[in-house]
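Trainee: Got a sequence here, can you build the structure:
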Amino acid sequence: MTRSILQVVIVLALAVTSSVGSGCRGAGEQAEIRVAYLPVPELAWRAVAQRYTCLAPRGAAGGRYRYEGVFRDFTAELPVDADGLVMDYPETFRRVWPT
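Mentor: Sure thing, here's the model as predicted:
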């Protein structure tokens, strides 16, 4: 769990919000982006590929995306709020306030 915290805070929320969340026009739309990844405890920055698929376009009640760590074997469904910020990242964190 600790390994992914910095990635989620620094990379994932920003990636969904700026690169994908604002541009999703319909379910099934995909975007592959390169991001800076900082694994803990190594603290060695590296550029990696991530893919986001829009499952439910973001609206007033939020939306849902599928995250794929192209550089590793990991996939998760990510619900986002109306601003595009991740609310629940499986096995890593769940936002508790505001809900």
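Trainee: Give me the pLDDT for the residue of the chain most remote from its centre.
Mentor: In the chain, the greatest distance from the average C-alpha position (CA atoms, centre = their mean) is reached by residue 42, at 21.2 Å. For residue 42, the model assigns a pLDDT of 87.
Trainee: same thing with residue 50?
Mentor: 90.
Trainee: May I have the strands that pair with whichever strand or helix holds it, each with its orientation?
Mentor: Following DSSP states H and E, one finds residue 50 within strand 46-59. In the sheet, strand 46-59 lines up against strand 30-37 (antiparallel), strand 62-69 (antiparallel) (DSSP bridges).
Trainee: what's the distance between the last one and the middle of its chain?
Mentor: Taking CA atoms, centre = their mean, to the nearest Å, one finds strand 62-69 lying 6 Å from the centre of the chain it belongs to.
Trainee: could you point out where this protein is predicted with low confidence?
Mentor: Scanning the chain with the threshold set as pLDDT under 70 gives 1-23, 98-99.
Trainee: run the last query once more with 90
Mentor: 1-28, 31, 33-43, 46, 57-62, 69-74, 80-99 (pLDDT under 90).
Trainee: Bridged to residue 36, which residues?
Mentor: What pairs with residue 36, by the bridge criterion (DSSP bridges), is residue 47.
Trainee: one step back: and the strands paired with strand 46-59 as JSON lines, adding mean neighbour count and distance to residue 77?
Mentor: C-beta coordinates here come from the backbone N, C-alpha and C atoms, glycine included. Formatted as JSON lines, the strands paired with strand 46-59 follow (neighbours: other CB atoms under 10 Å; distance: least, CB to CB, whole Å):
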{"stretch": "strand 30-37", "mean neighbour count": "15", "distance to residue 77": "14"}
{"stretch": "strand 62-69", "mean neighbour count": "18", "distance to residue 77": "6"}
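Trainee: Can you add distance to residue 84 and give those strands back as TSV?
Mentor: Listed next are the strands paired with strand 46-59 as TSV, based on distance: least, CB to CB, whole Å:
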stretch	distance to residue 84
strand 30-37	13
strand 62-69	8
